[in-house]
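In: the sequence and its predicted three-dimensional model are supplied below.
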Amino acid sequence: QVQLVESGGGLVQPGGSLRLSCAASGFTLDYYAIGWFRQAPGKEREGVSCISSSDGSTYYADSVKGRFTISRDNAKNTVYLQMNSLKPEDTAVYYCATVGIATMWPPAIYEYDYWGQGTQVTVSS
């Protein structure tokens, strides 16, 4: 059974850090580009970051550039999102997703096929 499971979310104070994990089961992540998305209440889902399957190229949304770092550990079949200097506006449910074949970079959201169930990140004092 193909499955993506996010973990690592929680409540953190502004300026704090969290590391999200996206673990895959039922398939190997090696051949997929992986993206992180987030969705805040009442807002559309937005792309946060992604990492390619081939050369490790990365992409970051302007809102997180310099604060978030995406990485992958193919041996553990897991992708991570290190989030530093968190702000209240980073509060959202965070999702990871896979792209088998991307026709553009960063991939369009409709190109993502498998999605995790999401993990809540709340940044508040």
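Out: Now that the structure is in, tell me what you want to look at.
In: could you give the bridge partners of the residue nearest to the spatial centre of the chain?
Out: Nearest to the geometric centre of the chain sits residue 36, at 2.1 Å (Cα atoms, centre = their mean). With DSSP bridges applied, the residues forming beta bridges to residue 36 are residue 49, residue 96.
In: quick one: it and residue 22 touch, right?
Out: Yes: at 7.4 Å, residue 36 counts as touching residue 22 under the criterion of Cβ atoms under 8 Å. In short, each C-beta sits where N, CA and C put it, glycine included.
In: where does this structure dip in pLDDT?
Out: Across the chain, nothing is flagged by pLDDT under 70.
In: all the strands of it, residue numbers only.
Out: Ranges of strands within the chain are 3-7, 10-12, 18-25, 33-39, 46-51, 58-60, 68-73, 78-83, 92-99, 119-123, based on DSSP state E.
In: what's the spacing between the fourth one and its chain's center?
Out: Spelled out, it's strand 33-39. Relative to its parent chain, strand 33-39 has a centroid offset of 4 Å by Cα atoms, centre = their mean, to the nearest Å.
In: by contact count, what packs against it?
Out: Applying 3 or more Cβ pairs under 8 Å, 6 or more residues apart in numbering; DSSP states H and E, we find strand 33-39 packed against strand 18-25, strand 46-51, strand 68-73, strand 78-83, strand 92-99.
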